[in-house]
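Peer 1: take a look and give me a structure for this.
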Amino acid sequence: MFEAFIADPSVLTIGVIVLTAQLVAMIANAFTGLVTSLFQATGRALAASVMSVTQGILFIPVVILGNVWFGLTGIIWALTATEVAVLVVGLMLWMASRRAIERGLAEGSPERAEAVLEEQPA
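Peer 2: Numbers count the residues shown, from 1 in each chain. Reported below is the predicted structural model:
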């Protein structure tokens, strides 16, 4: 794919590494989004906020440290490392609140949901 635009083998090698890092980051980001959505859907605003803030705050230091420790490779993999770290934070938050989420889901019913929705102003 890259060969259509450039023929330099070193650039092609870096391009393959970048694509690999981005694809792995995309997978971790999908699960991170799933966990964040779970927290939002179950009324865990603090956990959802922690996930979003962690994702934003962690990226710049990871880029800087990745550059210092690993050079270009560290910069390339910084997004992936950040997404994996945020996913780990999310899984820890989920483990800590799993029982409360299950309890809340068990207490719910369609009738209760309709009653709550009717109470809300339009």
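
Peer 1: which strands and helices lie in contact with the helix or strand hosting V84?
Peer 2: Per DSSP states H and E, V84 falls inside helix 78-107. Identification of packing neighbours for helix 78-107 by 3 or more Cβ pairs under 8 Å, 6 or more residues apart in numbering; DSSP states H and E yields helix 9-41, helix 45-70. Any C-beta I mention is one placed from the backbone N, CA and C, and that applies to glycine too.

Peer 1: right, and the helix or strand after it?
Peer 2: helix 110-119.

Peer 1: ok, back up a step: got the angle for the helix holding V84 vs helix 45-70?
Peer 2: 160 degrees (axes from the mean of the first three to the mean of the last three Cα atoms, to 10 degrees).

Peer 1: what sits against W94?
Peer 2: V35, L38, F39, A47, I101 (Cβ atoms under 8 Å, 6 or more residues apart in numbering).

Peer 1: so the last one makes contact with R44?
Peer 2: Translated: I101. Yes. Between I101 and R44 there is a contact under Cβ atoms under 8 Å: 7.2 Å.

Peer 1: more neighbours, the two?
Peer 2: R44 (20 against 17; other Cβ atoms under 10 Å).

Peer 1: just the pLDDT at that one, thanks.
Peer 2: We have a pLDDT of 89 for R44.

Peer 1: for it, which non-adjacent residue is closest in space?
Peer 2: Spatially, and ignoring its direct neighbours in sequence, R44 is nearest to S97 (5.9 Å; Cβ to Cβ, 6 or more residues apart in numbering).

Peer 1: just the pLDDT for V11.
Peer 2: Looking at V11, its pLDDT is 81.

Peer 1: distance of it relative to P61?
Peer 2: The gap separating V11 from P61 is 28 Å, by Cβ to Cβ, to the nearest Å.

Peer 1: for the residue nearest to the spatial centre of the chain, give me its contacts.
Peer 2: Nearest residue to the geometric centre of the chain (Cα atoms, centre = their mean): T32, 3.0 Å. Residues in contact with T32, defined by Cβ under 8 Å, 6+ apart, are M51, Q55, E83, V86, L87, G90.
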